[in-house]
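[1] Please find the sequence and the predicted model below.
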Amino acid sequence: DIEFYTSVVDERCIHCGICLRECPQGAKKARSDVELARELLRSGEAVAASVAPSFAAVFPGDPFQMVGALRKLGFKVVQETALGAEMVAAEHRRLDSLGKGPFVGSSCPVVVSLVEKHYPGARKFLAPVVSPAIAHGRYLKKTHPGIRVIFVGPCVAKKDEIAQGEIADAVDMALTYRELQSLLDEEGVKVDTSPLNLYKFLS
């Protein structure tokens, strides 16, 4: 008998996650970092959450409830990755004012991998700017010395991006929304019943 199976070819994979969705057998799974995140949050170290703005589509309701839930999990600092996006946009405007470009946006790690692995001749068109997640991670570590950073967002490609060479110091871990939901469920934290104590938060 001949057995047929598929495997991921690292040299061609761009970490887009489509195989996770399309595999009819559900054989492909993204690496789960839920347990590592739990250990970090229980370690006593200060941990910050950099949360992608799209969280509002996955966890609807009062945004402060998400902040409250993440604080209950043990995060000391909770901020939107949108702050990093503002920094990235400012750098793009600066490059444009200098007449640089045209550029292909480099905020999406899947696009960067696609260009680098399948269209290497176009690498020169990739904007020389880090992604919002990396920019925000560096900002958090600069403003909160010694803090660890966990990025939370919709994209499995972030797991690969944050481990790349010269930017590996910015974000310590990346969780998908599904992983965050698993962590919330396992810790018994409900987002819709976790209002933030604004007096305590702002004091």
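    Cool, got the structure.

[2] Low-confidence regions, this structure specifically.
    For the chain, residues meeting the criterion pLDDT under 70 lie at 1-5, 195-203.

[3] and the most centrally placed residue in it, helix, strand or coil?
    With distances taken as Cα atoms, centre = their mean, residue 151 lies nearest the centre of the chain, 4.0 Å away. Here residue 151 is recorded as strand under DSSP: H, G, I helix; E, B strand; the rest coil.

[4] how near is it to residue 123?
    To residue 123, residue 151 is 25 Å away according to Cβ to Cβ, to the nearest Å. For the C-beta atoms, the positions are set from N, CA and C on the backbone; glycine is no exception.

[5] Look up which helix or strand residue 40 falls in, please.
    helix 34-41 (DSSP states H and E).

[6] follow-up on the earlier one: surely the residue nearest to the centre of the chain meets residue 177?
    No. In this structure, residue 151 is not within contact of residue 177 by Cβ atoms under 8 Å, at 11.4 Å.

[7] Name whatever forms a beta bridge with the residue nearest to the centre of the chain.
    residue 50, residue 174 (DSSP bridges).

[8] Report the separation between it and residue 122.
    27 Å.

[9] How about the contacts made by residue 51?
    66, 70, 78, 79, 80, 81, 152, 153 (Cβ atoms under 8 Å, 6 or more residues apart in numbering).

[10] swap that for residue 29, please
    residue 20.

[11] Run the chain-centre distance for the longest helix along the chain.
    As assigned by DSSP state H, the longest helix anywhere in the chain is helix 82-97. Centroid separation for helix 82-97 versus its chain: 18 Å, with Cα atoms, centre = their mean, to the nearest Å.

[12] Mind giving me the packing neighbours of the helix or strand following that helix?
    Going down the chain from helix 82-97, the next helix or strand is helix 109-118, by DSSP H and E. Here helix 109-118 touches helix 157-161, going by 3 or more Cβ pairs under 8 Å, 6 or more residues apart in numbering; DSSP states H and E.

[13] contacts for the helix it packs on?
    14-17, 30-31, 33, 108-110, 112-113, 131, 133-134, 151, 167, 171, 174.

[14] Could you rerun that using 7 Å?
    Here helix 157-161 makes contact (Cβ atoms under 7 Å, 6 or more residues apart in numbering) with 15, 16, 17, 31, 109, 110, 131, 133, 151, 174.

[15] Great, nothing more from me.
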